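Participant: here are the coordinates; sequence isn't available:
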């Protein structure tokens, strides 16, 4: 197999005011017609050649990827170059896709977890892109039409703002194939880097990738805002069980302390031997499940703890227990044991192997690293995780996992339901 993964350094944090969700909207439109491929033809062509494709948008980037057999993977290059250079944005297709995304927004609002996460992140990141939904709002979507989509495409969808990874059973001619496919695509919309460089390939094609500073083409990193002192609270009623989501500050993914917080997340909420699972699921039987995680973001992000309660359990009991475990780790009352650290390392290695087992996983990992940081980021992060010791974890927990800095979100059962 051969995977092509094309990453654009354009996500929710690059959207113009009043047009939230435009990055995700454009992701949909990239499958709805370009100069050589009519609406739906990209999917039909992919399936006819026995391949598959997909795409996704995050707050930091947008990615498109194809999987093909080795004798036909260049079709992906033709598709990507065509929609980079000549996206159609037919008004009827725009309107049709707008309705699809409006239904998607309604679906997320109807899901208790998705709705709770949206409100917690809005409180965690007031006035920052990470606090805005990737899909945007219904009002913003209705205010976004072909002209706005075209302007966003011109600004960000160009070779100088993209990372292309080709992985799998390819030969030395792959770089030349990429150069030929993209030779006619302007390198910079209205900028100085457009056009071929005289070698039949766009600027930089075939040369070693030059990583941009953290934050990509968007300049210096701006710190995400912190919630006010005293835990901010979000409460809503939806569904039939109580759900808890706690969001704490976390550093960008390329900072050394991020690795320590990954170990902390494992220690607190990964697997049945974790502290929160032992206490709240197995011993006290207050939760059906509980988990912890830390986001991999280009700017300061979040450390989260999520739990679904056993019906009838008083929410305050679970919240108090979570706060106690965070305080014990951050305050040094219960430092990590050698066994806990060894277990965290084993889980990190297992997760690494599983996440890089297939060619398409390796392609996406390389594209993510090059888009937001540099190609060495994944290995550097993994090495840091394996080096985390008790003092390093304690220092990171004391700095970041402070309950007084948390946003605590509750989705409680709808009134009148058992």
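Facilitator: In hand now; what should we look at? A quick note: this is a predicted structure, and the numbers were derived from the prediction, not measured.
Participant: which residues does residue 64 contact?
Facilitator: 5-6, 27, 30, 53-55, 80 (C-beta atoms under 8 Å, 6 or more residues apart in numbering). To be clear about C-beta, it is placed using only N, CA and C from the backbone, and glycine gets the same treatment.
Participant: Nearest to residue 381 among those residues?
Facilitator: When the contacts of residue 64 are ranked by distance to residue 381 (C-beta to C-beta), residue 5 comes first, at 19.0 Å.
Participant: Can you check my assumption that that closest one lies in a strand?
Facilitator: Yes - assessed with DSSP: H, G, I helix; E, B strand; the rest coil, residue 5 lies in a strand.
Participant: The stretch 301-418 of the chain: strands as residue ranges?
Facilitator: Using DSSP state E, counting those that start in this stretch, the strands of the stretch 301-418 of the chain run over 301-309, 407-412.
Participant: which secondary structure elements does the last one contact?
Facilitator: The reference is to strand 407-412. Using 3 or more C-beta pairs under 8 Å, 6 or more residues apart in numbering; DSSP states H and E as the contact criterion, the elements in contact with strand 407-412 are helix 112-124, strand 232-237, strand 243-250, helix 315-330.
Participant: What's the first helix or strand after the third one?
Facilitator: Sequence-wise, the next helix or strand beyond strand 243-250 is helix 256-269, with elements assigned using DSSP states H and E.
Participant: That following helix relative to strand 243-250, how many degrees between them?
Facilitator: Per axes from the mean of the first three to the mean of the last three C-alpha atoms, to 10 degrees, the angle that helix 256-269 makes with strand 243-250 is 160 degrees.
Participant: Please name every helix or strand in contact with helix 256-269.
Facilitator: For helix 256-269, the packing partners by 3+ C-beta pairs under 8 Å, 6+ apart are helix 275-277, strand 287-294, strand 301-309, helix 315-330, helix 338-355, helix 377-387, helix 390-400.
Participant: go with 10 Å
Facilitator: In this structure, helix 256-269 makes packing contacts with strand 243-250, helix 275-277, strand 287-294, strand 301-309, helix 315-330, helix 338-355, helix 377-387, helix 390-400, judged by 3 or more C-beta pairs under 10 Å, 6 or more residues apart in numbering; DSSP states H and E.
Participant: Buried residues of the longest one, list them for me.
Facilitator: Within helix 338-355, the residues that count as buried by 16 or more other C-beta atoms under 10 Å are 340-341, 343-345, 347-348, 352.
Participant: do stretch 389-398 as well
Facilitator: For stretch 389-398, the neighbour count (16+ other C-beta under 10 Å) marks 392-394, 396-397 as buried.
Participant: what's the answer for stretch 371-388, then?
Facilitator: 371-375, 377-378, 380-382, 384-385, 388.
Participant: Report the mean confidence score over that stretch.
Facilitator: Regarding stretch 371-388, the rounded mean pLDDT is 96.
Participant: returning to that earlier point: with distance to residue 95 added, can I get the helices and strands packed on helix 256-269 in JSON lines?
Facilitator: Below are the helices and strands packed on helix 256-269 laid out as JSON lines (distance: least, C-beta to C-beta, whole Å):
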{"stretch": "strand 243-250", "distance to residue 95": "35"}
{"stretch": "helix 275-277", "distance to residue 95": "47"}
{"stretch": "strand 287-294", "distance to residue 95": "37"}
{"stretch": "strand 301-309", "distance to residue 95": "35"}
{"stretch": "helix 315-330", "distance to residue 95": "43"}
{"stretch": "helix 338-355", "distance to residue 95": "39"}
{"stretch": "helix 377-387", "distance to residue 95": "40"}
{"stretch": "helix 390-400", "distance to residue 95": "45"}
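Participant: Where does pLDDT dip in this protein?
Facilitator: Along the chain, the model assigns pLDDT under 70 to residues 187-231, 416-418.
Participant: Next, work out how far apart the residue nearest to the spatial centre of the chain and residue 317 are.
Facilitator: Of all residues in the chain, the one closest to the mean position by C-alpha atoms, centre = their mean is residue 58, 4.6 Å from it. Here residue 58 is placed at a distance of 35 Å from residue 317 (C-beta to C-beta, to the nearest Å).
Participant: just so I know, which of the strands of the stretch 301-418 of the chain lies nearest residue 285?
Facilitator: Of all the strands of the stretch 301-418 of the chain, strand 301-309 comes closest under C-beta to C-beta, at 10.4 Å.
Participant: helices or strands next to the closest one in the packing?
Facilitator: Partner elements for strand 301-309 (3+ C-beta pairs under 10 Å, 6+ apart): helix 112-124, strand 243-250, helix 256-269, helix 275-277, strand 287-294, helix 315-330, helix 390-400, strand 407-412.
Participant: Please name whichever of these is nearest to residue 362.
Facilitator: Of these, nearest to residue 362 by C-beta to C-beta is helix 256-269, at 20.0 Å.
Participant: got the buried residues for that closest one?
Facilitator: For helix 256-269, a neighbour-count test (16+ other C-beta under 10 Å) marks 257-269 as buried.
Participant: Residue 157: what's its closest spatial neighbour, skipping adjacent residues?
Facilitator: Nearest residue to residue 157 in three dimensions, chain neighbours excluded: residue 84, at 5.5 Å (C-beta to C-beta, 6 or more residues apart in numbering).
Participant: Having no further points to raise, I will conclude here.
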